[in-house]
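J.: Here is the input, now give the coordinates:
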Amino acid sequence: MQTDHKEEKTIKSTRTAFDIIEVIAARDRPSITEIADAVDCSRSTVHYHLRTLQRDNYVIRGEGGLRLGLRMARLGNVALRKHRLTGVVEQTTDDLAAETDAVAHVAVEEGNNLVWLYKSTPGTRDDCPTEVGEAVDLHCTAYGQAILAHVPADVLETVVAGSGLREVTEQTLTSRATLEERLSTIRQLGFAYSPEEYRPGLSSIAAPIFDGRDEVVGSIGITDTQSRIDDPYKHPKARRFSDELPGHVQKAARIVSDHVAEL
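T.: Below you'll find the model as predicted:
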């Protein structure tokens, strides 16, 4: 029993350290008090974690507060470099952004979350607040839904149980039945459309990326303001240019899938 207790304390301590790192990453040079409030720990606990992180330069205390050290950049670069899709998706994603005049992304599933793997460089606007490496719930984006539509039932069950289908915006799908209906539509059409379910005012269209065994390994798509993306789920007679954007996205997904299959 004593061993289990120590193990639990060790796991909690590790989680606290990463929670502190996440707060420093998300805020502009926060103080110890701000960090302690955010992670729900005492100032002394945060102080000891920070002292350890500062010793190895993972956290730097500069003018005005704390920031992440550049050693963190190395870890992120290594993680990206070793991912199987790195080196495969970049050109196609940038081409998709140029063709659609939107922000294009590639996203993957990690630990039952959606993680942004690549964000297009040309034409990227400030109104799309996504960051490479950022993790979000799978159910609230077109990118995540494009992946969920093609995972085994047990994986879907785990994701739903883990997220609880949290309400991120007023448009987020929070009903299991509604989500499954959406995933069925995605399988029929070959792409996903998410209207303001992740960020108010922003909508996305994404398509799945498959490997040589026809297993989904990620998704590629575009994000733009809601006013610039017609609802592609409308009845065809009510649509204007709603077939054009999904067509570009699906073409990009096929190109990337072909490249992945060759690996």
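
J.: what about the residue nearest to Ile209 when sequence neighbours are not counted, how many residues close to it?
T.: Using Cβ to Cβ, 6 or more residues apart in numbering and skipping the chain neighbours, the partner closest in space to Ile209 is Gly218 (4.4 Å). C-betas here are computed from N, CA, C, even on glycine. Residue neighbour count, defined by other Cβ atoms under 10 Å, stands at 30 for Gly218.

J.: before we move on, what about His49?
T.: 21.

J.: what separates it from Ile24, distance-wise?
T.: According to Cβ to Cβ, to the nearest Å, His49 and Ile24 sit 11 Å apart.

J.: Was I right to think the residue nearest to Ile209 contacts Tyr118?
T.: No. Counting by Cβ atoms under 8 Å, Gly218 does not reach Tyr118; the two are 9.6 Å apart.

J.: okay, and the common contacts of these two?
T.: Leu85, Val89, Val106 (Cβ atoms under 8 Å, 6 or more residues apart in numbering).

J.: The closest residue to the second one other than its chain neighbours: helix or strand, and which one exactly?
T.: Nearest in space to Val89, with sequence neighbours left out and distances taken as Cβ to Cβ, 6+ apart, is Val106 at 4.5 Å. Secondary structure assigned from DSSP states H and E places Val106 in strand 103-110.

J.: Return the set of buried residues in that strand.
T.: For strand 103-110, burial by neighbour count (16 or more other Cβ atoms under 10 Å) applies to Val103, Ala104, His105, Val106, Ala107, Val108, Glu109.

J.: can you redo those residues as TSV with distance to Ala135 and pLDDT?
T.: Formatted as TSV, those follow (distance: Cβ to Cβ, whole Å; pLDDT from 0 to 100):
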residue	distance to Ala135	pLDDT
Val103	18	94
Ala104	19	95
His105	13	96
Val106	15	97
Ala107	10	96
Val108	10	96
Glu109	10	94
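
J.: contacts for stretch 191-203?
T.: 127-129, 136, 140-143, 145-146, 149, 168-173, 182, 186, 204-207, 219, 221, 223-226, 229, 231-233, 246, 249-250, 253.

J.: quick one: Ser204 and Gly64, what's the gap?
T.: Taking Cβ to Cβ, one finds Ser204 at 36 Å from Gly64.

J.: repeat for Thr33
T.: Distance, Thr33 to Gly64, using Cβ to Cβ: 14 Å.

J.: where along the stretch 151-263 of the chain do the helices fall?
T.: Under the criterion DSSP state H, counting those that start in this stretch, the stretch 151-263 of the chain contains helices at 153-163, 176-189, 244-261.
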